[in-house]
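K.L.:
what follows is a predicted protein model with its sequence.
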Amino acid sequence: MTVRSTLLAVMAVVGVLASGACTSATAAPLGPAPVTGMAVAAPAGHEPVRLDIDAIGVHADVLRLGLAPDRTVEVPPLGSPDVGWYSYSPPPGDQGPAVLLGHVDSAATGPSVFHDLPRLRRGDEVAVRRADGTSVRFRVDDMARYPKAQFPTAAVYGDIDHAGLRLITCGGTFDRARHSYTDNVIVYASAVPQGVG
Amino acid sequence: MTITTHLTRIACGTAAAGVLMLGGAGLAQAQEETPRPAPPATAPQTVAPQQAAPQVSAAPGTPALPRQQTSAPSPGPQVRAVPEGAPETGGGPADPALGTVAALVGGGALALVVAAGAVAVRRRT
């Protein structure tokens, strides 16, 4: 009788352990997906590779940018003829504000890729080609210049209800003591739906 | 039969019931959280990130019950990491002082070469 009781007790323990193992095994694949990045993950191939703005003669390749160690946005190398896409922003054409940055000039090489950005006017067209070969057209909605101390973080990086584009460079006067321009020039644009001329 | 035997049987019964209940719950969760295929994206305007929760029926013939919002993921911000400060996208125009110095040095060198040439020509003659 004692042996039988012990056997039953062992079976009970095994049953409990087995039920625990079962729930663990099913919880892993069914658990919620990690939130970070999943909701806005870039569909494969939507990364921008080329920027064309005929109105100001910009035809540039697009680099991928991230965050600098001090948590400011990375920028393309000085003197680079390329534009940079802030890769924590949505790809151009996806819902949200896609952010592209370019230099206005360089002391070594002179005017740079976004030197003429302030010449853009409302309605001008911007074209972005993506890695999958598709292109997205944008129309300029607005352009503004802000002192660096009053950079409009919410307007540039905040959520929007459409596919937007922000083109950013420096402006104002160059402070030689600080090696920095006083302002930023920001162009706001919206994607043109396909089929709209 | 002893008290220990009865207790053990009760424990076994409870464990077995637990196994059945957890298994059933796992199956229900699996059916509830099976991912649905995403609708095709239409560039450039993408679909809204959130969709209305579908109605699920508890059993045939019974009214539909609203889906439990137990693990609805938050869509999160469109920009996943907002940078601090303003971007530095200008290296500055070429320094005019440096340009003046370069012009003076270049001009001086050219003047020396011309003067040396003139002296050499005069000596030959």
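P.N.:
Received, thanks.
K.L.:
neighbours of A:Asp183, just the number please.
P.N.:
Look at A:Asp183: counted by other Cβ atoms under 10 Å in any protein chain shown, it has 21 neighbours. For every residue, glycine as well, the C-beta is placed using N, CA and C.
K.L.:
doesn't A:Tyr157 make contact with B:Pro83?
P.N.:
Yes. Contact status for B:Pro83 versus A:Tyr157: in contact at 7.4 Å, counting by Cβ atoms under 8 Å.
K.L.:
state the mean pLDDT of stretch A:172-191.
P.N.:
Taken as a whole, stretch A:172-191 has an average pLDDT of 96.
K.L.:
buried sites along it?
P.N.:
A:172, A:174, A:180-191 (16 or more other Cβ atoms under 10 Å in any protein chain shown).
K.L.:
you'd agree B:Val121 is in a helix?
P.N.:
Yes. Looking at B:Val121 with DSSP: H, G, I helix; E, B strand; the rest coil, it is inside a helix.
K.L.:
got the contact list for it?
P.N.:
Contact analysis of B:Val121 by Cβ atoms under 8 Å, 6 or more residues apart in numbering or on different chains lists nothing.
K.L.:
which residues of chain A score low on pLDDT?
P.N.:
Within chain A, the segments meeting pLDDT under 70 span A:1-43, A:196-197.
K.L.:
spatially central residue for it, please.
P.N.:
A:Ser89 (1.8 Å; Cα atoms, centre = their mean).
K.L.:
what count of nearby residues applies to B:Arg124?
P.N.:
6.
K.L.:
please disregard the earlier target; I meant A:Asp159.
P.N.:
Count around A:Asp159 with other Cβ under 10 Å applied: 16.
K.L.:
one more: the one 4 residues further on?
P.N.:
Number of residues near A:Ala163 (other Cβ under 10 Å) recorded here: 25.
K.L.:
follow-up on the earlier one: on the strand side of things, show who the residue nearest to the residue nearest to the centre of chain A when sequence neighbours are not counted bridges to.
P.N.:
Ranked by Cβ to Cβ, 6 or more residues apart in numbering or on different chains and with sequence neighbours excluded, the top spatial neighbour of A:Ser89 is A:Val99, at 4.3 Å. A:Val99 has these beta-bridge partners by DSSP bridges: A:Arg166.
K.L.:
can you pull the contacts of A:Val99?
P.N.:
So A:Val99 contacts A:Val73, A:Trp85, A:Tyr86, A:Ser89, A:Val156, A:Tyr157, A:Arg166, A:Ile168, B:Val79 (Cβ under 8 Å, 6+ apart).
K.L.:
tell me if I'm right that A:Ala131 and A:Asp61 touch.
P.N.:
No. Counting by Cβ under 8 Å, A:Ala131 stays clear of A:Asp61, with 11.8 Å between them.
K.L.:
between the two, which contacts overlap?
P.N.:
A:Val49.
K.L.:
check the buried residues of stretch A:172-191 one by one and keep those near chain B.
P.N.:
A:Phe174, A:Ser180, A:Tyr181, A:Asn184, A:Ala191 (Cβ under 8 Å from any Cβ of the partner chain).
K.L.:
list the contacts for the closest residue to A:Leu78 other than its chain neighbours?
P.N.:
Leaving aside its sequence neighbours, A:Leu78 sits nearest to B:Gly91 (Cβ to Cβ, 6+ apart; 4.4 Å). The contact partners of B:Gly91, by Cβ under 8 Å, 6+ apart, come to A:Leu78, A:Gly79, A:His103, A:Asp105, A:Ser106, A:Ala107, A:Ala108, A:Ser112.
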